[in-house]
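Participant: The following block contains a protein sequence and its predicted model.
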Amino acid sequence: MYSKSIKHLLSVSLGLALTQLALAQAPNPLDVVPEKMPFDVPYGAPISLDRADAVLTAAVAESKAKGWKMNCAVVDSGANLVSFKRMDSAQLASIDISMHKARTAAKYRRETKLFENGIQGGFNYLITLDDVIGSRGGIPLVQDGKIIGAIGCSGGTGSQDEVAAKAGVAALK
């Protein structure tokens, strides 16, 4: 009985040592220094109200066609609200969430889906960043290589929010 315990203890210790050795050899992705600045898309002139409304009209049309009730917001290149649409019976909590997604996409110059993926991948430091939301559905609006604003959609699942937002982005082109 005593020798079984020692064998088990040695086995567990060896397993832990091998795990630590493997982890020590794996490079930390946060220590990799990229050649170029990621997400280095310059900010441009703010989106106009007419263009923001066209983006929202496309997002709402896609949502209606799928039977989804969404809240959709467009912010300008400074992350300030330009236009907002709330579909009938859309979840009230998603009003602020749609705006938050749009602000995050504009401020950080990337889709909010990347924050979601990072947090789910164990990069928990992302939740400490100011004004970040780790849920898909926020996408920058880019024209002539510059960010002119962002759209945020909320009310469905993350993937539904993303589909609606992408329909809005497609209307910009």
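Facilitator: Great, that's in hand. No experiment lies behind these values; they were computed from the predicted model shown.
Participant: so who does the residue most central in space within the chain touch?
Facilitator: Centroid check for the chain by CA atoms, centre = their mean gives Thr112 as the closest residue, at 1.3 Å. Contacts of Thr112 were listed using CB atoms under 8 Å, 6 or more residues apart in numbering, and they are Lys101, Thr104, Ala105, Ile133, Gly134, Ser135, Arg136, Gly137, Gly138, Ile139, Gly152. Any C-beta I mention is one placed from the backbone N, CA and C, and that applies to glycine too.
Participant: quick one: pLDDT of the third one?
Facilitator: For Ala105, the model assigns a pLDDT of 98.
Participant: show me what contacts Ala167?
Facilitator: Contact criterion CB under 8 Å, 6+ apart gives Ala58, Ala59, Ala61, Glu62, Ser63 as the residues in contact with Ala167.
Participant: Who wins on neighbours among those?
Facilitator: Scoring the contacts of Ala167 on neighbours with other CB atoms under 10 Å, the highest-scoring entry is Ala59 at 31 neighbours.
Participant: Apart from its chain neighbours, what residue comes closest to that residue?
Facilitator: With sequence-adjacent residues excluded and distances taken as CB to CB, 6 or more residues apart in numbering, Ala59 is closest to Gly168, at 3.6 Å.
Participant: For the strand or helix carrying that neighbour, what does the pLDDT average out to?
Facilitator: Gly168 is located in helix 158-172, with elements delineated by DSSP states H and E. Model confidence over helix 158-172, given as mean pLDDT, is 97.
Participant: Go through the contacts of Ala167 and name the one nearest Asn124.
Facilitator: Checking those against Asn124 by CB to CB gives Ala59 as the nearest, at 30.7 Å.
Participant: ok, now how distant is the closest one from Val32?
Facilitator: When CB to CB, to the nearest Å is the yardstick, Ala59 and Val32 sit 36 Å from each other.
Participant: got it, and Gly156?
Facilitator: Remark: distance between Gly156 and Val32 (CB to CB) = 35 Å.
Participant: swap in Ile127?
Facilitator: Relative to Val32, Ile127 is positioned 21 Å away (CB to CB).
Participant: More neighbours: which of the two?
Facilitator: Here Ile127 and Val32 are compared on neighbour count by other CB under 10 Å; more neighbours surround Ile127, at 12 against 7.
Participant: can I assume the more buried one is in contact with Gly134?
Facilitator: Yes: applying CB atoms under 8 Å, one finds Ile127 in contact with Gly134, separated by 6.8 Å.
Participant: shared neighbours, the two?
Facilitator: Between them, Ile127 and Gly134 share the contacting residues Ile119, judged by CB under 8 Å, 6+ apart.
Participant: Skip the chain neighbours and tell me the closest residue to the residue nearest to the centre of the chain.
Facilitator: Closest residue in space to Thr112, ignoring its immediate chain neighbours: Gly138 at 3.5 Å, by CB to CB, 6+ apart.
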